[in-house]
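Visitor: Sequence and computational prediction follow.
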Amino acid sequence: MHHRLRVILSFLSMATVFSLAGCGFINVADLTPTVKKTSVLVVGPNTWLKSAQVATRIAESPQGVSVISLGTDGVALSSLLKQIENSTANSVILIQPSAKLMQLPAKHPNTHFYLVGNSTGVTGKNITSLTASDQQLASIAGYIGGGSTARGQSINILPGYTVPSTVKTSVVDAVYSGAHAAFSSNPVQWVNPPVSTTISQGVWVVWGTVPASDLSRLVTANQKLVAVNSNNNLSGTAVLASYSETSLIANGVEAALNAIYHHQSLPSVWNVSVQFQLNTVSSWQHQVGVSNYEQMISTGTLSPTGFLQNVPSVSTAQSLHLPVPPTLNTTTG
């Protein structure tokens, strides 16, 4: 009985092989798995891991990438380090890590670490920092603001923290360039807090979290705002668009997971894609126009300061699929 069963099973196995091979011969060595299997550890504060945007990116990780999330809240550093070091992860994604956690890459040179969020300045062959470029953010903010200012108004940048002079210069240049791309030649001003009671009419780029008293003055004066990484309470205000740190973390995690899946070697610093949440934009720009500008800036197709010197010609804007104000003659360049 057992012998007969073995004969039947052998016959079925051979039939399966021939059905797969047609009339040819199957090389078993060619039957390699098509799904890449790798283990990734995502370490960060629960605030980020439980964020809907970040959790969605982790849940939608590429097929074959196994992700384990490890929260840092309420966990002793020694215990946390032990859990990370004892894991079998091929790669580790650290979300806004502390200086202590950034000692790990040097101890584990064969594991690649992806640093998402604020950079600690630690570099190494096995470290990739994923962040948003200040110039990219500023250029897009300038583009949105430039399309929403009337002639003679200004685009005013209000910082929520002390900004180095070099960063200040690069941000102003990028805002100018973005405004020019929106066919605006209005001035760009850097306004250090506190905000004067005499408000410069136009669009205000809130760069970071600003004092509540300053924001209150802008709201009272019915100013339009573009918020960049601001934790201010902006409900009930005329916010044209905003970019949040949550977007940075979510896009950074997604970029890291994709790089891991594709075995892509990223440079030591990688700028994640930038998308603002749009509440309202000028009627001629439309959401599609802003999205096209964001994509060109994020992918490097267009430099954040590409139009620093002048507004583009109509033909140049059209070639870049950027909208043109209806007041301009679209038949000439």
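Guide: Looks like it arrived, so ask away.
Visitor: where along this structure do the helices fall?
Guide: Taking DSSP state H to define them, one finds helices in the chain at 2-21, 46-49, 52-59, 77-85, 104-107, 134-146, 165-181, 212-220, 245-261, 286-299, 314-319.
Visitor: closest one to Leu158 among these?
Guide: With CB to CB as the criterion, Leu158 lies closest to helix 212-220 of those, at 6.6 Å. Yep, even glycine has a C-beta here, placed from its N, CA and C like the rest.
Visitor: buried stuff in that closest one?
Guide: The neighbour-count check on helix 212-220 (16 or more other CB atoms under 10 Å) flags 214-215, 217-218 as buried.
Visitor: Let me know the pLDDT of His262.
Guide: The model reports His262 with a pLDDT of 92.
Visitor: still on that earlier bit, and among the helices of the chain, the most buried is which?
Guide: helix 134-146 (a mean of 27; mean count of other CB atoms under 10 Å).
Visitor: roughly how far is that helix from the heart of the chain?
Guide: When distances are taken as CA atoms, centre = their mean, to the nearest Å, helix 134-146 is centred 14 Å away from the chain's centroid.
Visitor: Go through the helices of the chain and name the closest to Thr197.
Guide: helix 212-220 (7.0 Å).
Visitor: Now do the closest one, average pLDDT.
Guide: 93.
Visitor: residues in contact with that helix?
Guide: Contacts of helix 212-220 from elsewhere in the structure, counted by CB atoms under 8 Å, 6 or more residues apart in numbering, are 158, 193-195, 197, 199, 204, 206, 225, 232-234, 236-238.
Visitor: if we go to 6 Å?
Guide: Under the criterion CB atoms under 6 Å, 6 or more residues apart in numbering, residues 193-195, 204, 232, 237 lie in contact with helix 212-220.
Visitor: In terms of distance to Phe113, which of these ranks first?
Guide: Within the contacts of helix 212-220, the smallest distance to Phe113 is 32.4 Å, found for Asn232 (CB to CB).
Visitor: Against Ser129, how distant is the closest one?
Guide: As judged by CB to CB, to the nearest Å, Asn232 and Ser129 stand 27 Å apart.
Visitor: between these two, which one's more packed in?
Guide: Applying other CB atoms under 10 Å to Asn232 and Ser129 shows that Ser129 carries more neighbours, namely 23 against 19.
Visitor: Tell me if I'm right that the more buried one and Gly117 touch.
Guide: No: Ser129 is beyond contact range of Gly117, at 8.9 Å (criterion: CB atoms under 6 Å).
Visitor: picking that back up, for the helices of the chain, which one sits closest to Ser91?
Guide: So among those, helix 245-261 is nearest, using CB to CB, at 5.0 Å.
Visitor: beta partners of the residue lying closest to Pro159 once chain neighbours are set aside?
Guide: Using CB to CB, 6 or more residues apart in numbering and skipping the chain neighbours, the partner closest in space to Pro159 is Trp207 (4.7 Å). Beta-bridge partners for Trp207, by DSSP bridges, are Pro159, Val228.
Visitor: if we can go back for a sec, okay, the helices of the chain in a markdown table with distance to Val188 next?
Guide: Output for the helices of the chain, formatted as a markdown table (distance: least, CB to CB, whole Å):
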| stretch | distance to Val188 |
| --- | --- |
| helix 2-21 | 66 |
| helix 46-49 | 33 |
| helix 52-59 | 30 |
| helix 77-85 | 44 |
| helix 104-107 | 39 |
| helix 134-146 | 7 |
| helix 165-181 | 5 |
| helix 212-220 | 17 |
| helix 245-261 | 24 |
| helix 286-299 | 17 |
| helix 314-319 | 20 |
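Visitor: rank those helices by pLDDT, which is bottom?
Guide: Minimum mean pLDDT among these: helix 2-21, a mean of 41.
Visitor: backbone phi and psi for the closest residue to Tyr261 other than its chain neighbours, please?
Guide: Closest residue in space to Tyr261, ignoring its immediate chain neighbours: Pro62 at 3.9 Å, by CB to CB, 6+ apart. Main-chain dihedrals, Pro62, degrees, to the nearest 10: phi -60, psi 150.
Visitor: Look at Pro62 and say how many residues are nearby.
Guide: Per other CB under 10 Å, the neighbour tally for Pro62 reads 15.
Visitor: From Val228, how far out is it?
Guide: Pro62 is 30 Å from Val228, where distance means CB to CB.
Visitor: Trp204 is in contact with Gln223, correct?
Guide: Yes: between Gln223 and Trp204 there is a contact under CB under 6 Å: 5.2 Å.
Visitor: Neighbour count for these two, which is higher?
Guide: Comparing Gln223 with Trp204 by other CB under 10 Å, the one with more neighbours is Trp204, at 29 against 21.
Visitor: and the more buried one, what does it touch?
Guide: 156, 158, 218, 223, 225.
Visitor: Distance check, it against Asn110.
Guide: As judged by CB to CB, Trp204 and Asn110 stand 48 Å apart.
Visitor: for Ile95, same thing?
Guide: Remark: distance between Ile95 and Asn110 (CB to CB) = 22 Å.
Visitor: Counting neighbours around each, name which of the two comes out higher.
Guide: Each of Ile95 and Asn110 has its neighbours counted (other CB under 10 Å); Ile95 has more, 25 against 6.
Visitor: Model confidence for the more buried one, exactly?
Guide: Ile95 is assigned 95 on the pLDDT scale.
Visitor: No more questions from me, cheers.
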